[in-house]
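J.: Next one to model:
(chains A and B)
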Amino acid sequence: MNMFLDWIDVGALADIPPRGSRVVASPLGDIAVFRAADDTVFALLDRCPHKGGPLSQGIVHEHAVTCPLHNWVISLESGEATGADRGCTPKIPVRIEADRVLIALPETLAQAAE
Amino acid sequence: MTERLVIIGNGMAPGRALETLLARAPGRFDITIFNAEPRVNYDRIMLSPVLSGEKRFEDIVIHDDAWYQRHGIRLLKGCPAVAIDRTAKLVTGADGTVAPYDKLIVATGSSPIIVPIPGHTLPGVVAYRDLDDVDRMLAAAATGRHAVVIGGGLLGLEAAAGLKLRGMTVTVLHLMPTLMERQLDPAAGHLLEQAMQTRGIDVICRANTHAILGDTHVTGVRLDDGREIPADIVVMAVGIRPNAGLAKAAGIDISRGIIVDDRMATSDPDILALGECAEHRGICYGLVAPLYEMAKVAAASLIGDTSAAYHGSVTATKLKVTGIDLFSAGDFADRKGREEIVLRDPARGIYKRLVIEGERLVGAVLYGDTADGAWFFDLIKADKPIGPLRDTLIFGPAFQGGAALPPTAAVAALSDETEICGCNGVCKGDILSAISTKGLTTLADVRAHTKASASCGTCTGKVEALLAHALGGAYKTRTAEAVCLCTDLGHDDVRRAIRDQGLKSGHAVMQALRWRSSCGCARCRPAINYYLLAEWPGEYRDDARSRFVNERLHANIQKDGTYSVVPRMWGGVTSPKELRAIADVAEKFAIPTVKVTGGQRIDLLGVRKEDLPGVWADLNAAGMVSGHAYAKGLRTVKTCVGSEWCRFGTQDSTGLGVKLERYLWGSWSPAKVKLAVSGCPRNCAEATCKDIGVVCVDSGYEIHYAGAAGLHIQGTIVLTKVATEDECIEVIAALLQLYREDGRYLERIYKWMARVGHDTIVGRVVDDLDGRKALVQRFEFSQVFAQIDPWAERVAGLDAHEFAPLAVIPYREAAE
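T.: Just a heads-up that it's a prediction; the model follows:
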């Protein structure tokens, strides 16, 4: 892990429904924190690379989410559109520690937000 | 040794020539491109959708940077060529770059004509030619209010429509008596003018611009008759002029454009010209189809293939203004020896004119209904006597005697430029080339790679026919389409298994039916959730994670991520108290748009997600509940005022509508269900295009069903006629329940009816009285669990996590 990251506790894993997502409001804009059926947790900027749709509101299946606006399927692992669509949503570092969800705002993105 | 090819210009014509060249002779040329514009090759035809906001620049790029890199092409962006030295065979760029060539393509395109009236150099006067012009117009639209477009041709009208959509007031000034006089005859020109006016665009024909007004920036335009029109931007779209200056300076023969022969060679055999700067047999072309034909010939010439030759083109145009269908092809000027066939239907806004010369179709103008455009265009290009076709020619291919062509033959007969998918602008040629180059074999593949039929889906049949045409016997038309990629089973298989095997959860269904994915996908999960809900009312617990966002949040998501809220208005009847509550809630939550819907209720648009529970609480307090405007379920029951007020009303249509809505609301169904009740056959509630409709008559109630007025327009058919209100409500409940039990997820009633047959449905809900009663009983049982206002539940705290953020990271913490 990047030593420069400051981890921020954003809540308990139990606060996120399985196969669901919650939003963390941040200076970078909304961040979608996903919890897959296998309890793996992912975080992406809450913005579909296609038309900016809120990915947090999409249906989560396997390690992917379907955007609610135009059904693009975005990989939670890479943030990239799957299938024949092209585009990528920035990933946000996230980890679980004692059932707490921690995320870090990458410095480059944080600076960009200033 | 590799030959050196230099191309001056990077528009669509040289872009296509390069594609052909790279495909036919990869690696043969070392290629350098001088591009005056600071960007890659993009689809200029699509500038209008970019202007109107329907597309973005990224959507219209044809070749991205990676493409040039991959093919080892040196692209000099923002570097116009300034000189050609034919003796030394060198091209010099504006920045001093010198590129030697063995072969040279001049594709300098054309420039917009700027009429030199007083004021034409003022800031705020722009042409409509490239992306920079679009950017200038968008900047003007962001700050200014008035736009004047000089020129009522194709480009001018598209610019006007785009600026209007961007919120400006727009006036089109056109010198000639009617719009688009080069493509349209006066009658069609008038129809077009009306259509523009109804879009709020002012059109002034015979308008001679005297001067453009303003000191430091455009402020207006003055006409010859003294009229002044305010303007923050003036768009000149009066025509184009081939850019032949560079070629002329190099001593190449020019007339209006650079003169080329049938192989696209200029007077210097090592120099080719193509595109809008070229003049072939005295004609300069400004449309893409001929330019693409030239491009293919030019590529062939470069590699020494002398069999290819360009013989000139018959052209067709299509106006790209959303909602206006206009097509013209060939030559339709009035001339001696020409005859015409005209079809006019002003009420429907349809006009068709065919021009015939010596037994051949030479021109066609279609307005309002352009579906047959491609067919007429092919007939014009075929240049053959039309013979007995003439009698029914104007009615199009559907009326040409005998059976209609089978679908595969029909698509095979279309030209490559025929647009198959109107939503995404995909032509037949695009689809065929994707099928062959990418090895596509299924409908899903074609949708993924070309977007054809991926939006509204109305062209699915044509796309499938194209697949069958391209792949021959290798393409198997689907029999039962699988629910999704997670399984090979169809919807009916899944439903049967749920019923027969007693499967009671999504997980159990996927386990028992051996789903390929661990937890389904966005297509199958909502379908399974509905089937379980319909099969096990009261027992199965709805799975929010398998609901599309609208049905999970009980509001409709909008393009900017806000939501719209529609409270129920029973039968379209409201009261001062309800209206006051709606007004209060709109002000309290600063809701930007309040709109009356087509279903006789009020839509509050632009509500923030976190405000939804608060909005609902206030609406609940005034007695209003969710209108389910988001649901695959009962939406609205539209009514007219009926016998209570109307002098023609035969029954209390409003009262019946309210009763129906109160009885049916809350029920989930395979797709949305809309009802209407009209009080007499004048049908003011438009009941005959609804999923279920009632038309009251003196002797009782006609029950209609299987109508649609969306992607498809379809009138209803009569299910039965009954004498009493009670019987009417009973039949409708039975019909709805049968549909709920038998319809496939997302299959509207009209499609379900087409699949199972009208007679079957009449048999179950009209003739079989015991069966009808049983259906009604099952419906009423399911309603016990369904008629709970989802808004009230959420106001009380259910699913609170859906509306509040998990955490808020303040700025300080993030910046550290």
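
J.: Which residues of chain B lie near chain A?
T.: B:448-449, B:517-522, B:525-526, B:544-550, B:552-553, B:557, B:559, B:561, B:801, B:805-811, B:813-816 (CB under 8 Å from any CB of the partner chain). C-beta coordinates here come from the backbone N, C-alpha and C atoms, glycine included.

J.: again, only this time at 6 Å
T.: Contact residues (CB under 6 Å from any CB of the partner chain) of chain B with chain A: B:448-449, B:517, B:519-522, B:545, B:549, B:557, B:561, B:805-809, B:811, B:814.

J.: For the residue nearest to B:Arg748 when sequence neighbours are not counted, give its distance to chain A.
T.: Nearest non-adjacent residue to B:Arg748, counting by CB to CB, 6 or more residues apart in numbering or on different chains: B:Ala671, 4.7 Å away. Applying CB to the nearest CB, to the nearest Å, the value for B:Ala671 to chain A is 17 Å.

J.: show me the contacts for B:Ala671.
T.: Listed by CB atoms under 6 Å, 6 or more residues apart in numbering or on different chains, the contact partners of B:Ala671 are B:Lys632, B:Leu746, B:Arg748.

J.: what about chain A, any weak spots by pLDDT?
T.: Along chain A, segments meeting pLDDT under 70 span A:1-5, A:107-114.

J.: What strand or helix carries the residue lying farthest from the centre of it?
T.: Relative to the C-alpha centroid of chain A, counting by CA atoms, centre = their mean, A:Ala84 is the outermost residue, at 21.4 Å. According to DSSP states H and E, A:Ala84 maps onto no helix or strand at all.

J.: shaky segments in chain B?
T.: For chain B, the ranges with pLDDT under 70 are B:1, B:320, B:322-323, B:400-407, B:422-425, B:454-458, B:473-474, B:476-480, B:812-816.

J.: Break it into its domains for me.
T.: B:3-110+B:242-302, B:125-238, B:325-404, B:419-474, B:491-547, B:550-631, B:634-788 (automatic domain parsing).

J.: For chain B, see how far away the residue farthest from the centre of chain A is.
T.: Taken as CB to the nearest CB, the span from A:Ala84 to chain B is 4 Å.

J.: residues near the nearest residue to that residue once chain neighbours are set aside, how many?
T.: The shortest distance from A:Ala84 to any non-neighbouring residue, by CB to CB, 6+ apart, is to B:Ala448 (3.7 Å). Neighbours of B:Ala448 under the rule other CB atoms under 10 Å in any protein chain shown: 17.

J.: follow-up on the earlier one: selection in ChimeraX covering whichever of the contacts of B:Ala671 are buried, please.
T.: One line in ChimeraX is enough to select the buried members of the contacts of B:Ala671, burial here meaning 16 or more other CB atoms under 10 Å in any protein chain shown:
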select /B:632,748
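
J.: for the residue farthest from the centre of chain A, phi and psi?
T.: Main-chain dihedrals, A:Ala84, degrees, to the nearest 10: phi -90, psi -10.

J.: measure it to A:His50 for me?
T.: Distance, A:Ala84 to A:His50, by CB to CB, to the nearest Å: 12 Å.

J.: what does B:Thr639 give?
T.: Distance from B:Thr639 to A:His50, by CB to CB: 40 Å.

J.: How about B:Thr92?
T.: Counting by CB to CB, the gap from B:Thr92 to A:His50 is 43 Å.

J.: before we move on, what about B:Ile117?
T.: Distance from B:Ile117 to A:His50, counting by CB to CB: 44 Å.

J.: Flag every residue of chain A that's near chain B.
T.: A:8, A:10-11, A:15, A:19-20, A:22-27, A:37, A:54, A:57, A:59, A:61-62, A:66, A:68, A:83-84, A:105, A:110.

J.: Buried among the residues you listed? Need that as a selection in PyMOL.
T.: Those of these that count as buried under 16+ other CB under 10 Å are selected in PyMOL with:
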select buried, chain A and resi 8+10+11+19+20+22+23+24+25+26+27+37+54+57+59+61+62+66+68+84+105+110
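
J.: Show me what stretch B:510-530 is in contact with.
T.: By CB under 6 Å, 6+ apart, the list of residues contacting stretch B:510-530 reads A:37, A:59, A:61-62, A:66, B:483-484, B:486-487, B:489, B:497, B:501, B:503, B:506, B:509, B:543, B:546, B:548, B:745.

J.: Pull out the buried positions in it.
T.: For stretch B:510-530, by 16+ other CB under 10 Å, it's B:510, B:513, B:515, B:517, B:519-530.

J.: got it, and stretch B:565-579?
T.: Result for stretch B:565-579 [16+ other CB under 10 Å]: buried residues B:Val565, B:Val566, B:Pro567, B:Arg568, B:Met569, B:Trp570, B:Gly571, B:Gly572, B:Val573, B:Thr574, B:Glu578.

J.: And it, end to end?
T.: Taking CA to CA, to the nearest Å, the first and last residues of stretch B:565-579 lie 14 Å apart.

J.: what do you get for stretch B:556-573?
T.: First-to-last distance for stretch B:556-573 - CA to CA - comes to 22 Å.

J.: Could you double-check that B:Tyr811 lies in contact with A:Pro27?
T.: Yes. Counting by CB atoms under 6 Å, B:Tyr811 touches A:Pro27, with 4.7 Å between them.

J.: hang on, B:Thr720 is in a strand, isn't it?
T.: Yes. Secondary structure of B:Thr720 (DSSP: H, G, I helix; E, B strand; the rest coil): part of a strand.

J.: and it, what is it in contact with?
T.: B:Thr720 neighbours (CB under 6 Å, 6+ apart): B:Ile703, B:Val766.

J.: do the one 10 residues further on as well
T.: By CB under 6 Å, 6+ apart, the contact list for B:Glu730 reads B:Val776.

J.: In three-state terms, label it for me.
T.: helix.

J.: can you count the residues close to residue 47?
T.: All of this refers to chain A. 21.

J.: let's do chain B instead
T.: Residues lying near B:Leu47 (other CB under 10 Å) number 25.
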